[in-house]
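Novice: this one's sequence-less:
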């Protein structure tokens, strides 16, 4: 299940793209013109637990976005469960 994407761009620097897939936070990096690198950087990979914890500890934009999207999905799932039970 794919939930959402976040792209962080700073002029002249590589672009970091994040996505939530099956409750995992994934990352890939593109060059500053949004093209894939010829190496592994542009392949989606799941963030490690330490990488995710660092984002959470530092309260980065990525962490805030990730937590908000997870809360939205959980609320939607709870609403669907409530409707099924009614």
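Specialist: Looks like it arrived, so ask away. It should be emphasised that the depicted structure is a prediction, and the values quoted were computed from it without experimental measurement.
Novice: Residue 61 touches residue 8, doesn't it?
Specialist: Yes. Using C-beta atoms under 8 Å, residue 61 is in contact with residue 8, at 7.1 Å. Glycine gets a C-beta too; all of them are placed from N, C-alpha and C.
Novice: I'd like the distance from the lengthiest helix in the chain to the chain centre, please.
Specialist: Criterion DSSP state H: the longest helix present in the chain is helix 61-85. Counting by C-alpha atoms, centre = their mean, to the nearest Å, helix 61-85 is centred 14 Å from the centre of its parent chain.
Novice: if we can go back for a sec, have a look at residue 61 and residue 8 and say which one is more surrounded.
Specialist: More crowded of residue 61 and residue 8, by other C-beta atoms under 10 Å: residue 8, with 15 against 12.
Novice: which residues does residue 24 bridge with?
Specialist: residue 21 (DSSP bridges).
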